[in-house]
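Engineer: For reference, the sequence and a predicted model appear below.
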Amino acid sequence: MSRDVTLEHVTIRFGSHTAVDDAHLTIRSGEFFSFLGPSGCGKTTLLRCVSGFLEPTEGRVLIGGEDMRGVGPNRRPTALIFQNLALFPLMSVAENIAFALEVRGVGRQARRKRAVELLELIALPHVGDKKVYELSGGQRQRVAIARALAAEPQILLLDEPLSALDLKLRQHMRSELRAIQRRVGLTFIYITHDQGEALTMSDRVAVMSEGRIEQVDEPLAVYDHPKTSFVASFVGETNVLPATVTGRDGTDVTLQTDGGLIVQGFAVGRRQYRAGERCQVFVRPEQIKVAPPEPGPNRLAARVLAEEFEGNLRHVSLAVGGSVGGSGGAPAVGALAVGGQPLRMSVVNDGSLPPLQPDAALTVTFDPSVASVLPEGPLARA
Amino acid sequence: MSARGNVLAARGSVWRPVVARISWQRLLLLLFVAAFFAYLFGPLIIMTVTAFNSADYPRVTPWDCFTTQWFGRFGRDSLLLAGLANSFFIGLGVVLLSLPIGLAAAIALSEVGERARSLLYTVFIVPILLPGIVIGIATLLFWGRIAGSFGLGHDTLLYNGIFLTILGQVCFISSYSMLIFLARIQRFDPTQTEAALDLGATPGQAFRKVLLPFLKPAIGSAAVLAFLASVENYNTTVFTIVSESTFTTVLASKVRFGIDPTISAIAVIIITTTLVAAIIQEARQRRLAARRREALAGVAAGAGAAAVMAGPTGRLLSHPASVAVLLLAVVGGLVWAGSRYDSSACQDALLQQKLQRQQELLEQQRQRMQQQAPAQPAPVPSGAAPKPASPFGGVFAPNNLGLSAPGGAVPAPAPPGAAPKPASPFGNAFAPDNLGLSAPGGATAPKIEPGAPAAPADPAPATQ
C-alpha cells in the first residue's frame, strides 16, 4: 500500500536563511519522484521535513491526506534511506533489518522470518549473520533498503543513497532501485544532485535551486522544455546565448545575440516578449547541425576550434562569427566565440561528417523550435 | 642461491656503516628509555621489596629477614579494613551517581548549539579545576545548612560522613566521566539515532538500543576511573568524611604517627590486583581484534582465517578466561605459600645477634670508662681540629651576600682559629661596592662590613 504526499506552501527557514521557499506540489501514490538540484538547494531539508525531523516554518505536509504537523518521525508512514546509510554497526545484518520489528515488539521468530524474506528480496540470502562492516558497498546499500522496507512504510525516502558508490555500481543500482520500486509498489521520493539518476529512474522530477522548486515535470519535458534558465542550464549540456529581443510573431522570437548574431527561437510558455527585452537562448549541442546547402533560418558561419572524440559522439567547439547573409562571413582565425564561450556541437559518430581540421570554416544551423528563449535568469554554476 | 647470498652481502655492506653511525644515538635513546622506566617503576619496585623486609621501617638496606608478616598485620588491622570497606562502598555509590550525571552532561553537550556548548562545557568542567579542599568544605557547609534549615539532628543522613563523601566526590568525578563519555559521543554518528527514530523506535528505544551499546566501552572505562578516583581521593574526603574514615584517611593518620611496612604490603596487593586485571583485559582486547581480523579475512578470501591464531591450543591458552584462571592460580599459590612462611626463626636469630652486639658494646664502654676514669674528663668535645667556617666556603654567610642585618653587629660565624680565606668564592664580584650599588645602609655599608673589601684579590681575614 502506498500513499500520496502533498506539500502545501511549505517554507522552511533557519534564522534569516530560507532553506525551502514555498514548495507546493503533490507526489502521487506509487510514483518514483525525484528532487534534483545542486548541493545546498534545500532538497535534503525538504526530505527531512517529509520524514518528520523538521517541522515547516510555514505550510503543511500531508501524507495520504493527513496533516503531519506534530507527528514525530517514528510515527510517520515514511522510511528514510540515509546518505551514509546509517546502518547499525554493532548489530548483525539480520538484526539491522529486523530493527523496525524489534522496536514494535514483534517476537524473535517472526523477526527472523521477515529478515530472511527481505534478504531474499534484495538477493542477499546468506548474509544475515554477518556484521555490517563485512559487506561491500553495494551490499550495504541493499541492506539499508531492506531495513527501511521492514518498517512497512507507505513512502520510501532516499537521500542520495548512491553517491558513495563507484560509477559501475551506481549504474547497476539505478536499475536495481527501479526494479525494487516496481516490485514493492511504494511511493519513492528520491533526492539527488545527479541528473543522470533523476532522469533515468523517475516518473517525475522536481528541479530545485536555492530553496525554490523551478520546475516539476516528466524527465523528457524537463530536458526538452526547460521552464527557467536554471533548469535549462542545470539539466544536460547546453549552449547559452545572451540576447536582446528584436521582434516577435506568436511564439517565434527574433533576437540579436550579444555577439551580433541574428537568431530565431521560440518563447517558452508563450511568453509575450517586447522588443528590446533581455533574454537568453538555450540550444543543446546535439541540436546544432552542419547546415545543408539550401537556405533557412539560423545559419551561422563558424570556425572549428577543437574536436573531442568520445566514441559514439564527437564534440566540436566552434567560434561563431555572424549569421550567414547577415553581418558577415566566417570569423577570423583565432577569434573568440559568442559571449566568450565557444559554441558546442555534438555529432553522432555515424560517419556522415568527415573529420574536421582546426580552423576549418563551417556553416552550422539549428531549428528555431529547439532554441528555447527564456527571460534572463541565474544559471547553474558549471 | 649464490645470487641471493650476494644480495644479502650487498645489503649488509650498505647497512653496516649506517648502524655504526647511529649507534651512539641508539645508546642515548636506550639510556633515556631506561631512565624513564626507572623513574616510573623505581618507587614501585622499592615499595614492593620493602614489603618483604622484616625491618620496622620500610627500607631495602640493611636487609633484615625475608618476611610476610606485614601482610598478616594488614589483615589484622581492623581500622584499615573498616576504612577499606567504607572506601569500597563510597566508590560504588560514586560510580552509580556520577555515571548517569556525566552521561547526561555529555549528551547535553552533543545536542546543544555551538555557542551554548562552550559555555556549558566550562560549567561542567569547573569542578575538576576547583581544589578538592574547596569542594570538601563547601559540601560540608552546604549540606550542614540544609540539614540545619530542616532542623535535622546530627544522627541523620545529611551529617553522615559516607553520604556526604559520596555527594562531594560526585561533584567532580561526574565531570571526569563526562569527559570520557564526550570523547566517545563525538565519534557517534547522530544519523544512527535518526535512523532508529525513523524506523519507528521511541526516543527511549533509540537511546537503549543504539546509543547505549555504542557507549558500552566508555561506560566501562568511566566506571573504573570513577571508582579509582573515589578510592584514592583524600583532599575532599578528609573534610566530608566527618567522624567516619576511609582507606586514605586511615593511611594518612598512620603516616602522622610513623609508618611501618604494612603500607608496602598494601601497595603490593594493589599493584598485583592492577597487573592481573590489566593482563586479563589485554588478553580480551587481543581476542576481539583477532576475531575482527578473522571476519575481515573471511570476506576477502574465505580462507586464511586459520593462520590468525596458532591452532586450537594457542586459542585456548590465549582465551581471557584461561589467562584469568592461570594468573589467579599463580597469585593464590603465592599467597598460600606466603601465609605458611614463618620468619620468626630468622628474626629471633637477628634479635639475638643484636642483643649480643649491644652487650659487647656495653662491655667495651665499661672497660674504657674504667681505664680513663683516673685520667682527665673525656677530651672529645673540645678536641675538634680547626675547620673552615662553613663547608660552603662562606657563600651562605650573611655578610658575603652583601646584606646586613639591621643592627649591623653581626657575630662572626667562623671560630677564631679559622684559616684566612677569600671573603667570597666569587671574588667579591657581588659585593655591593663593586656593582656601584649600595646596601640599604648607603655609604655606611663598607664600615659595617669589613669582611667585604674593595680589592677582589685581597685575601681578607674573616669578619671580626
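Structural biologist: Sure thing, it's come through.

Engineer: Give me the nearest residue to the residue of the stretch 251-382 of chain A found nearest chain B, chain neighbours excluded.
Structural biologist: Closest approach between the stretch 251-382 of chain A and chain B, counting by CB to the nearest CB: A:Arg381, at 27.9 Å. C-beta: built from backbone N, CA, C; applies to glycine. Among residues not flanking A:Arg381 along the chain, A:Pro38 sits closest, at 7.2 Å (CB to CB, 6 or more residues apart in numbering or on different chains).

Engineer: for B:Asp189, same thing?
Structural biologist: Computed as CB to CB, 6+ apart, the closest residue to B:Asp189 that is not its neighbour in sequence is A:Ala86, at 6.6 Å.

Engineer: quick one on the thing from earlier: name the SS class of the residue nearest to A:Arg381, please.
Structural biologist: Classification of A:Pro38 using DSSP: H, G, I helix; E, B strand; the rest coil returns coil.

Engineer: these two touch, right, it and A:Pro378?
Structural biologist: No: using CB atoms under 8 Å, A:Pro38 is not in contact with A:Pro378, being 11.5 Å away.

Engineer: Those two - which one has more neighbours?
Structural biologist: Neighbour comparison, A:Pro38 and A:Pro378: the larger count goes to A:Pro38, with 15 against 11 (by other CB atoms under 10 Å in any protein chain shown).

Engineer: and that one, how far is that from A:Val231?
Structural biologist: Distance of A:Pro38 to A:Val231, computed by CB to CB, to the nearest Å: 12 Å.

Engineer: Quickly list what's touching both of A:Pro38 and A:Pro378.
Structural biologist: Jointly contacting A:Pro38 and A:Pro378 under the rule CB atoms under 8 Å, 6 or more residues apart in numbering or on different chains are A:Ser209.

Engineer: How about the residues of chain B by chain A?
Structural biologist: B:189, B:191-192, B:194-202, B:205, B:209-210, B:213-214, B:295-296, B:298-299 (CB under 8 Å from any CB of the partner chain).

Engineer: Quick one, which of those are buried?
Structural biologist: Taking 16 or more other CB atoms under 10 Å in any protein chain shown as the criterion, what is buried in these is B:191-192, B:194-201, B:205, B:209-210, B:214.

Engineer: circling back: check contacts around the residue nearest to A:Arg381.
Structural biologist: A:Pro38 is in contact with A:His193, A:Ser209, A:Phe234, A:Ala380, A:Arg381, counting by CB under 8 Å, 6+ apart.

Engineer: Please narrow the residues you listed to those residing in helices.
Structural biologist: With helices taken from DSSP state H, the overlap with the contacts of A:Pro38 comprises A:Phe234.

Engineer: Buried ones among the contacts of A:Pro38?
Structural biologist: The neighbour-count criterion (16+ other CB under 10 Å) marks A:His193, A:Ser209, A:Phe234, A:Ala380 among the contacts of A:Pro38 as buried.

Engineer: Backbone dihedrals for the residue nearest to A:Arg381, please?
Structural biologist: The phi and psi values for A:Pro38, taken as degrees, to the nearest 10, are phi -70, psi 160.

Engineer: Which pLDDT value belongs to it?
Structural biologist: On the pLDDT scale, A:Pro38 is placed at 91.

Engineer: where does chain B dip in pLDDT?
Structural biologist: Within chain B, the stretches with pLDDT under 70 are B:1-22, B:296-312, B:374-464.

Engineer: Would you map out the domains in it?
Structural biologist: As given by automatic domain parsing, the domain ranges for chain B are B:7-50, B:70-259, B:344-372+B:385-463.

Engineer: Likewise for chain A?
Structural biologist: According to the TED database, chain A comprises the domains A:5-230, A:231-375.

Engineer: Comparing the ones you listed, which comes out most buried?
Structural biologist: Comparing those by mean neighbour count (mean count of other CB atoms under 10 Å in any protein chain shown), domain A:5-230 comes out on top with a mean of 19.

Engineer: Give me the residues contacting stretch A:166-183.
Structural biologist: Contacts of stretch A:166-183 with the rest of the structure, by CB under 8 Å, 6+ apart, involve A:32, A:121-122, A:137-138, A:141-142, A:145, A:156, A:158, A:161-162, A:165, A:188, A:190, A:197, A:200-201.

Engineer: Restricted to strands, list the residues you listed.
Structural biologist: Secondary structure defined by DSSP state E assigns A:Phe32, A:Leu156, A:Leu158, A:Phe188, A:Tyr190 of the contacts of stretch A:166-183 to strands.

Engineer: check those against chain B, which are close?
Structural biologist: Among these, no residue sits close to chain B (CB under 8 Å from any CB).

Engineer: With pLDDT and distance to B:Gly132 as new columns, can the residues you listed be given to me in a markdown table?
Structural biologist: Shown next, in a markdown table, are those (pLDDT from 0 to 100; distance: CB to CB, whole Å):
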| residue | pLDDT | distance to B:Gly132 |
| --- | --- | --- |
| A:Phe32 | 94 | 64 |
| A:Leu156 | 93 | 56 |
| A:Leu158 | 92 | 55 |
| A:Phe188 | 93 | 60 |
| A:Tyr190 | 94 | 58 |
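
Engineer: ok, and for the host helix or strand of B:Ala290, which residues are buried?
Structural biologist: Secondary structure assignment for B:Ala290, by DSSP states H and E: helix B:262-300. Using 16+ other CB under 10 Å as the test for burial, helix B:262-300 gives B:262-268, B:271, B:276, B:280, B:283, B:287, B:297.

Engineer: and it, what other elements does it pack with?
Structural biologist: Packing partners of helix B:262-300 (3 or more CB pairs under 8 Å, 6 or more residues apart in numbering or on different chains; DSSP states H and E): helix B:2-50, helix B:69-76, helix B:247-256, helix B:320-340.

Engineer: what about 7 Å?
Structural biologist: Under the contact criterion of 3 or more CB pairs under 7 Å, 6 or more residues apart in numbering or on different chains; DSSP states H and E, helix B:262-300 touches helix B:2-50, helix B:69-76, helix B:320-340.

Engineer: immediately after that helix, which helix or strand?
Structural biologist: The C-terminal neighbour of helix B:262-300 among helices and strands, as given by DSSP H and E, is helix B:311-317.

Engineer: Give me the distance from that following helix to the chain's centre.
Structural biologist: 38 Å (CA atoms, centre = their mean, to the nearest Å).

Engineer: try stretch A:109-126
Structural biologist: Relative to its chain's centre, stretch A:109-126 lies at 33 Å (CA atoms, centre = their mean).

Engineer: Likewise for stretch B:169-184?
Structural biologist: Computed by CA atoms, centre = their mean, the separation of stretch B:169-184 from the middle of its chain amounts to 22 Å.

Engineer: how about the helices in chain A?
Structural biologist: A:43-51, A:93-97, A:99-102, A:108-121, A:137-150, A:167-184, A:195-201, A:219-224, A:229-234.
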